[in-house]
Each structure stands twice: as C-alpha cells, then as structure tokens.
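# Let's see this in three dimensions:
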Amino acid sequence: MGTFLEEEKQRYTEYKATSSHFPDEARIPGIYKAKPREFCLPQHLAAFNLFEGIRNDVQAYFREFEIKWHDGRDRNPSNHLCDSQVCCVNFLYSFSRYPGALAALLRPIFPTIKAMLKLEREDRYVSHEWIGKENYLGERMPRHGKRTRGANFTSADAAVMFEQMDGSKHLVLVEWKYTESYSTVNLKYAKSGTDRTAIYRHLYDRGDYPLDKSAPENFDALFFEPFYQLMRQQLLANEMEKAKELDVDCVSLLHIAPARNVAFNRVTSPELAHLGNTVIEVWKRLVRRPSRFQSVSVEQLFGGFDIGRHPEMRPWWNYTASRYPWFNEPGSRP
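Presented below is the predicted three-dimensional model:
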C-alpha cells in the first residue's frame, strides 16, 4: 500500500470533519467493503464526493451514456474519498463546458492546439470512460451484446479532441491515476482461468503493434499492473487511429498522475526492470512512436493553469484547491 494513499486517508479524515463541501450528516464514517471508514462518505451521500458545480450534470451524463461508476451504487459515484475515477471527474469535467480554458490547460503538452472539438455532445468538450465506436481490441462481448463504458472493456478515463494548426484532428485518451500503487502479481490468468494474453495476442502478432517487441521479447511481461492497463490503452489508441475514429488523424495516450504518488512508479514486472527506474521511463522506452504517448503530473498540468485568465473556472479552482491542496502547494511542481 502506497504512502501517498495513507497520507490522503488521514488528510480526508480531518477534511471531512470540517469542510463546507459536505453536509453535517456526511461527517460520520462511511461503510466501505463492509467496514466503517472515516475517509468514506455514508453510501446514501456518495454524490457529495463530486464538486457541487458539476454534481447534477455529470450524474445525468453518466446515466445518459450508461457509464459505470467504479465502486458506485444506485448510479452514484464511489463513497471513497480517494477514488481515482471521482478525482479524474472532479479535475476535468468542469473544463467540458469551457473549450478556451481546456485548450489553455492542454497547450503546454500539445502546443499545436488550434481549437477544441466536441466529441459526443453538442455542448461538451470532455468525455469520460471512452471506449470508442467499435470493439477495436476484440474483447469478449457480454451475452446481451452491448459494451459497457467503465466496466469489462478497456476504457480511457477521459478523452478530448482538438483541431491542430495544420487542420488535422487529434484525439487524446487520458489515463488518470490518483493514489494507486501495484504489486508484482502476474495477471496473465484471470480468476476464471482465462489466459488474458490470448485476448490481445492477435494485436501483438501484427506488424503495426505500437510497442517495441524486442524489449521485452516476452509478451507475458506486460501483464503486470500498471503496464497491463497502459498496454491496453496504447493498443486502443493505435486501433482508433487506424480506423479513423471520429475522423481523426492522430490518437495518442496522455498519462496523468500525482508526482507525489511515488509508489505508483515502482516497476512491477521483473522483465521490464532493466528498461528504466520508473513506470513512465519504461513505457516511453517501449512506445515505438514517442508522439503517441505523453505523461504529465497533476501538479504540473493543473498547478500551471493560469486561473487569472479564466475567471469562469474560479468555482472549480476554489474547490480543487481545497479538496486536493497538494496539486498547487509551493514547490509541488516537478
């Protein structure tokens, strides 16, 4: 278990007791995995895990597109205050209504942005749990024949799209991390006995596989988290680009995680350890086209956002600076 996670649990225990973002009845311990926990909300008040400025809108969006909340019940988000999906939504969803602010946020990473483009709704510029229009990875379909966003299929935590200066269109899949850290457990076989390598082997065997096959030579080496997730996300981006998903010319993966969460970056796959000292170093070594993978810390991306130029984002800024103060503390940016 990561140190950052333990720090956040302790901070939330104190924060929940005093913050005006929660009603008094939310200050009691919430039940999570059958135990009362100070850093969780009562289940019936789980919606208060979301920024009040987006709470109703984002819940309606998740219902409209039948998106699953991780650990959620009754169409509500998780009641765990350290939930990664909730963190991603709290940071990014407010930008969906303000394309100018979103472009300003992303331009340090993608300097060729000309204008943000809508994805699936007429008035929104950020989508969540994006799986694409087709089953690009050939993942097993459920009996009812409908894919689910946020569960059972490879989903990008968020997606944004923009027009570049040269007129081409770029779709960015966002992989978001918060307090996660991972063990050295090999995930080649699911609990059901399914060999997961068999699901993605047809993509590995093709000549346009987006990762370097010589490092490592063994496909099984990627079936350790978080490499297993990154592999699927990179495959998804590659297949979407080939299929011209949403008529785009380029699809890339953007990894966003707190720099403070040092435990996340531990290299968990023994056969990948020689490629770098951190998960991101290893992944950059593996991706064949460097432009198709970017990584930035939450502190650098959001801490560098000039809120003074975007007063429309002030309510969001005040909330995130209170809820996640580590992203903008002095000296927090790497």
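# could you pull out the strands for the stretch 51-200 of the chain?
Applying DSSP state E, counting those that start in this stretch to the stretch 51-200 of the chain gives strands spanning 113-117, 127-130, 156-164, 169-176.
# Could you identify which of those is most buried?
strand 127-130 (a mean of 25; mean count of other C-beta atoms under 10 Å). Using the backbone N, CA and C atoms, a C-beta is placed for each residue, glycine as well.
# can you give me how far it is from the chain middle?
Centroid separation for strand 127-130 versus its chain: 9 Å, with C-alpha atoms, centre = their mean, to the nearest Å.
# mind listing the helices for this structure?
3-18, 55-64, 84-92, 99-106, 196-204, 227-243, 279-286, 298-303, 314-323 (DSSP state H).
# burial of residue 328, as a residue count?
18 (other C-beta atoms under 10 Å).
# Surely it touches residue 299?
Yes: counting by C-beta atoms under 8 Å, residue 328 touches residue 299, with 7.4 Å between them.
# Could I get the buried residue list for stretch 298-318?
298, 299, 300, 301, 302, 303, 305, 307, 310, 313, 316, 317 (16 or more other C-beta atoms under 10 Å).
# any low-confidence regions in the stretch 1-150 of the chain?
Along the stretch 1-150 of the chain, the parts satisfying pLDDT under 70 run over 1-2.
# what bridges to the residue nearest to residue 107 when sequence neighbours are not counted?
Leaving aside its sequence neighbours, residue 107 sits nearest to residue 113 (C-beta to C-beta, 6 or more residues apart in numbering; 5.2 Å). Beta-bridge pairing for residue 113 (DSSP bridges): residue 164.
# Let me see the contact set for residue 113.
By C-beta atoms under 8 Å, 6 or more residues apart in numbering, the residues touching residue 113 are 103, 106, 107, 162, 163, 164, 165.
# I'd like the distance between the third one and residue 93.
As judged by C-beta to C-beta, to the nearest Å, residue 107 and residue 93 stand 19 Å apart.
# So which of the two has more stuff around it?
When residue 107 and residue 93 are compared on other C-beta under 10 Å, the one with more neighbours turns out to be residue 93, at 23 against 12.
# Isn't the more buried one up against residue 126?
Yes: look at residue 93 against residue 126 with C-beta under 8 Å: they come within range, at 6.1 Å.
# of the buried residues of stretch 298-318, closest to residue 80?
Compare each of those with residue 80 using C-beta to C-beta and the shortest gap goes to residue 298, at 18.1 Å.
# Contact partners for that closest one?
Taking C-beta under 8 Å, 6+ apart as the test, what residue 298 contacts is 91, 256, 257, 258, 259, 324, 327.
# do the same with residue 282
227, 267, 272, 275, 276.
# If we only consider those residues, which is nearest to residue 221?
Using C-beta to C-beta, those come closest to residue 221 at residue 272, 5.7 Å.
# show me what contacts the closest one?
Applying C-beta under 8 Å, 6+ apart, the residues near residue 272 are 216, 221, 222, 224, 227, 282.
# Against residue 70, how distant is it?
26 Å.
# Equivalent analysis for residue 285, please.
The value you get for residue 285 to residue 70, if C-beta to C-beta is used, is 30 Å.
# what do you get for residue 289?
Counting by C-beta to C-beta - residue 289 and residue 70 are separated by 30 Å.
# swap in residue 90?
14 Å.
# Please identify which of those two sits among more neighbours.
residue 90 (23 against 15).
# returning to that earlier point: can you tell me which of the helices of the chain is nearest to residue 146?
Once the helices of the chain are compared by C-beta to C-beta, helix 55-64 is nearest, at 14.8 Å.
# Restricting to C-alpha, output that closest one in CSV.
Coordinates of each C-alpha in helix 55-64 appear next as CSV, following Å, rounded to 0.1, in the frame of the first residue of the first chain:
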residue,chain,number,x,y,z
ARG,A,55,-22.7,17.2,-9.5
ASN,A,56,-26.1,17.1,-11.2
ASP,A,57,-24.7,17.5,-14.7
VAL,A,58,-22.1,14.8,-14.5
GLN,A,59,-24.5,12.3,-12.9
ALA,A,60,-27.0,12.9,-15.7
TYR,A,61,-24.2,12.4,-18.3
PHE,A,62,-23.2,9.1,-16.7
ARG,A,63,-26.9,8.0,-16.7
GLU,A,64,-27.5,9.0,-20.3
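# Report the buried residues of that helix.
Buried, per 16+ other C-beta under 10 Å, within helix 55-64: 55, 58, 59, 61, 62.
# Between those, which sits nearest residue 248?
residue 61 (21.8 Å).
# Look up how far residue 69 lies from the closest one.
Counting by C-beta to C-beta, the gap from residue 61 to residue 69 is 12 Å.
# do the same with residue 312
Relative to residue 69, and taking C-beta to C-beta, residue 312 is found at 27 Å.
# show me what contacts the residue nearest the centre of the chain?
In the chain, the residue lying closest to the centroid (C-alpha atoms, centre = their mean) is residue 176, at 2.4 Å. By C-beta under 8 Å, 6+ apart, the contact list for residue 176 reads 84, 85, 87, 88, 92, 157, 158, 256, 257.
# how about a cut-off of 6 Å?
88, 157, 256 (C-beta atoms under 6 Å, 6 or more residues apart in numbering).
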